[in-house]
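Trainee: Quick one, structure for this:
(2 chains)
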Amino acid sequence: MTVIEARSLRKAFGTTVAVDGVDLRVEQGRILGLIGPNGAGKTTVLNAILGLTPYQGQLTVLGRDPWTERDQLMLDVAFVADVAVLPRWIRVSQALDYVAGVHPRFDRAKAQGFLAKTTIKRSTKVRELSKGMVAQLHLALVMAIDAKLLVLDEPTLGLDLLYRKQFYDSLLNDYFDRNRTIVVTTHQVEEIQDVLTDLMFINRGRIVLRCSMEEFESRYLEVMVLPEQVAAARTLKPIHERQVLGRSILLFDRGDRQQLAAFGDVRTPSIADLFVAVIGNQAGEAQGAAR
Amino acid sequence: MTTPSNSVPDSLESQRIAPAALAETRPLYWSIRRELWENRSIYIAPLAAAGLGMLGFLISLIHLPRTVRELGTMGPVHQRAMLAMPYAHVTWIIILTGLIVGIFYSLDALYGERRDRSILFWKSLPVSDATIVVSKAVIPMVVLPLLVFVIIVVTQTLMLLLGSVVLQMSGVGAAAQWQHLPLFQMQLVWLYGLIAMTLWHAPIYGWLLLISAWARRTAILWAVLPPLAVVAVERTAFNSWHFANLLKSRLIDWFLQAFNLDTHGGPPIDPHFLPLTQITPGNFMATPSLWVGLLFAAIFLAAAVRIRRYREPI
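Mentor: Okay, here's the model as predicted:
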């Protein structure tokens, strides 16, 4: 089943084009990482999917038009914007009451089960919780909703390493199954590398790379090359090159693993390295064009 | 043609509609409760006003025995007015507090959720913009007036009991007070007046909610300055006060339409005590301005629903 389908999705704010003809197709059971620099249009794409902003082009989420059917769509879609959106005045018990009151697919016992694993007390107000605890609360609320699609927009922004790790661990262990679909954006790409099934880079409103993680692992290779061999390695056309401790690390797209092994250890690059290679190259080209 | 077998699917149909209606009102019910969790001033402020009024009344109890002793020298209208005066003062303090709370609540209702970014959380739940706007309009238009009325009844009853105790202890006796002060009748009139005032003020609340959905900052200025600008332009261009008079009548004319202050040559009405005979609900309901105002309230609220759909955190 296709959960999200977008065709030539476009959104402009005045003369600034935030999303410029995005085609997107997300199937059920996938965990898609939408990665891009600040201002790339990630949040705008997510807002369109969530019915928070009008758009041009075609977009259906679970068979519905998000802009005209947001309240119906939210029966099947859960979403965590960032940790700062829970109202500061609300008590934990009130948040449970309210979501249980308005959401027919919210399982209160399940949410309380998640909260029991934390140190969050029922009578506490959100303003009295630490940032990490607010994120835990929000995640507990969202995971107790039997949703088909979960959208996470920078869910771990500003959290320390422990909370970030816990966040993705409980998401994978307690929530995700093959019937659910997750779309996540984050800047902490290294932390979600093992979580994702699909990867998408977005830059200046356009999708610049899309692949499944299996494809990613077979397609992109990284080799650390000694200075005297760099010239020879460069003839194989790396897409990116960087220096670490006097050695060059070359990144290849669809390189021949055996051929590359002659220069040094071949390994799969991190998403972060590929991101720098793809987006960094684009930025360089743009600067070159400007000159 | 109607056959008995048709009635079975009919009843099934109605059973299916009932949960649907329930599903519609449940989010509204919980959204109204949520407003009361967030804005505790809705009940704290009128309660505090009642407390302050009671404090004033307690001090005034010193004079009460003397007032009651002097009642015999007055006419019946004056007698009631003298006794009703502290009740009217306390009641007005509570009503004005409720008005102020309602105004500031409405100005912040759809603005605060954008300022603290919580609109993103509310919009992540299956609750429509219309339900949210209606839940916020219900507070100043239904919840606050009812709450104010209940507080008024409790306060007035407490005042009557306290007054009676003081009168008994001073030896004057509470009988005169009970005889001259028709408290139940007064409370019916207050309830009627509160309903009339709230209906009359509905477009004001609608306007404030619309501004609170629309403004990016200083909602209070956007709510107040445009009407004042219209007054200023009209005054300069046509040397007239039509719009200013319109605003003034929107604030206070409910009183003139809902009550008859003309006694046709009889003793003048004392504003501290309006008897039930002076209420004119028929005249009030037949006032075109009432219905025009309600129409505007509906238009403002519909616009607020539409604007909230486009709104993001600020």
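Trainee: Just want the most central residue of chain B.
Mentor: residue B:145 (3.7 Å; Cα atoms, centre = their mean).
Trainee: Report the separation between it and chain A.
Mentor: Residue B:145 sits 24 Å away from chain A, going by Cβ to the nearest Cβ, to the nearest Å. (Glycine included, C-beta is placed from N, CA and C.)
Trainee: what about the closest residue to residue B:300 other than its chain neighbours, neighbour count?
Mentor: The shortest distance from residue B:300 to any non-neighbouring residue, by Cβ to Cβ, 6 or more residues apart in numbering or on different chains, is to residue B:206 (3.3 Å). By the criterion of other Cβ atoms under 10 Å in any protein chain shown, residue B:206 has 27 neighbours.
Trainee: Got the phi and psi for residue B:206?
Mentor: Main-chain torsions, residue B:206, degrees, to the nearest 10: phi -60, psi -40.
Trainee: which residues does the residue nearest to the centre of chain B contact?
Mentor: B:98, B:194-195, B:197-198 (Cβ atoms under 8 Å, 6 or more residues apart in numbering or on different chains).
Trainee: Would you reformat those as JSON lines and include neighbour count and secondary structure?
Mentor: Formatted as JSON lines, the contacts of residue B:145 follow (neighbours: other Cβ atoms under 10 Å in any protein chain shown; DSSP: H, G, I helix; E, B strand; the rest coil):
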{"residue": "B:98", "neighbour count": "26", "secondary structure": "helix"}
{"residue": "B:194", "neighbour count": "19", "secondary structure": "helix"}
{"residue": "B:195", "neighbour count": "17", "secondary structure": "helix"}
{"residue": "B:197", "neighbour count": "19", "secondary structure": "helix"}
{"residue": "B:198", "neighbour count": "21", "secondary structure": "helix"}
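Trainee: and the two most separated of these?
Mentor: Using Cβ to Cβ, the contacts of residue B:145 reach their maximum pairwise distance at B:98 and B:195, which is 13.1 Å.
Trainee: which residue packs closest to the residue of the stretch 1-150 of chain A found nearest chain B, ignoring adjacent ones?
Mentor: In the stretch 1-150 of chain A, the residue that lies nearest chain B is residue A:101 (3.2 Å; Cβ to the nearest Cβ). For residue A:101, ignoring the flanking residues on the chain, the nearest one in space by Cβ to Cβ, 6+ apart is residue B:30 at 3.2 Å.
Trainee: With residue A:118 instead?
Mentor: Nearest one to residue A:118, counting by Cβ to Cβ, 6+ apart, is residue A:136 at 4.9 Å.
Trainee: contacting residues around the residue of chain B found nearest chain A?
Mentor: Minimum separation of chain B from chain A (Cβ to the nearest Cβ) falls at residue B:30, amounting to 3.2 Å. Residues in contact with residue B:30 (Cβ under 8 Å, 6+ apart) are A:97-98, A:101-102.
Trainee: Filter the residues you listed down to the ones in helices?
Mentor: A:97-98, A:101-102 (DSSP state H).
Trainee: Check the gap between residue A:87 and residue B:275 for me.
Mentor: 48 Å (Cβ to Cβ, to the nearest Å).
Trainee: Neighbour count: these two, which is higher?
Mentor: For residue A:87 versus residue B:275, the count of surrounding residues by other Cβ under 10 Å is larger for residue A:87: 22 against 14.
Trainee: Find the nearest non-adjacent residue to that one, please.
Mentor: residue B:118 (3.9 Å).
Trainee: And the nearest residue to residue B:274 once chain neighbours are set aside, which helix or strand is it part of?
Mentor: Of all residues not flanking residue B:274 in the chain, residue B:189 sits nearest, at 5.4 Å (Cβ to Cβ, 6+ apart). Using DSSP states H and E, residue B:189 falls within helix B:183-214.
Trainee: Show me what that helix is packed up against.
Mentor: helix B:76-109, helix B:129-138, helix B:144-170, helix B:219-238, helix B:242-258, helix B:281-285, helix B:288-310 (3 or more Cβ pairs under 8 Å, 6 or more residues apart in numbering or on different chains; DSSP states H and E).
Trainee: hmm, try it at 7 Å
Mentor: Applying 3 or more Cβ pairs under 7 Å, 6 or more residues apart in numbering or on different chains; DSSP states H and E, we find helix B:183-214 packed against helix B:76-109, helix B:129-138, helix B:144-170, helix B:219-238, helix B:242-258, helix B:288-310.
Trainee: that older thread, can you pull the contacts of the residue nearest to residue B:274?
Mentor: B:274, B:276, B:279 (Cβ atoms under 7 Å, 6 or more residues apart in numbering or on different chains).
Trainee: ditto for residue B:275
Mentor: residue B:185.
Trainee: per-residue pLDDT, it?
Mentor: For residue B:275, the pLDDT comes out at 81.
Trainee: ok, now residue A:177?
Mentor: So, for residue A:177, pLDDT stands at 86.
Trainee: Run a quick neighbour tally on residue B:70.
Mentor: 11.
Trainee: Assign it to one of the three secondary structure states.
Mentor: Classification of residue B:70 using DSSP: H, G, I helix; E, B strand; the rest coil returns helix.
Trainee: Check residue A:251 too.
Mentor: strand.
Trainee: nearest residue to residue B:94 other than its sequence neighbours?
Mentor: Using Cβ to Cβ, 6+ apart, the nearest residue to residue B:94 is residue B:49, at 4.9 Å.
Trainee: Please disregard the earlier target; I meant residue A:261.
Mentor: residue A:223 (8.0 Å).
Trainee: Pipe the contacts of residue B:145 into TSV and attach distance to residue A:8 and pLDDT per row.
Mentor: Listed next are those as TSV, based on distance: Cβ to Cβ, whole Å; pLDDT from 0 to 100:
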residue	distance to residue A:8	pLDDT
B:98	53	97
B:194	56	96
B:195	55	96
B:197	54	96
B:198	50	97
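Trainee: so what strands line up beside the strand or helix carrying residue A:34?
Mentor: Applying DSSP H and E as the criterion places residue A:34 in strand A:31-35. Strand A:31-35 has the following sheet partners, assigned by DSSP bridges: strand A:181-185 (parallel), strand A:198-203 (parallel).
Trainee: so which of those strands is the most packed in?
Mentor: strand A:181-185 (a mean of 24; mean count of other Cβ atoms under 10 Å in any protein chain shown).
Trainee: Give the other helices and strands that the helix or strand just after it contacts.
Mentor: With elements assigned by DSSP H and E, the helix or strand that comes after strand A:181-185 is helix A:189-192. Counting contacts by 3+ Cβ pairs under 7 Å, 6+ apart, helix A:189-192 packs against helix A:161-170, helix A:271-290.
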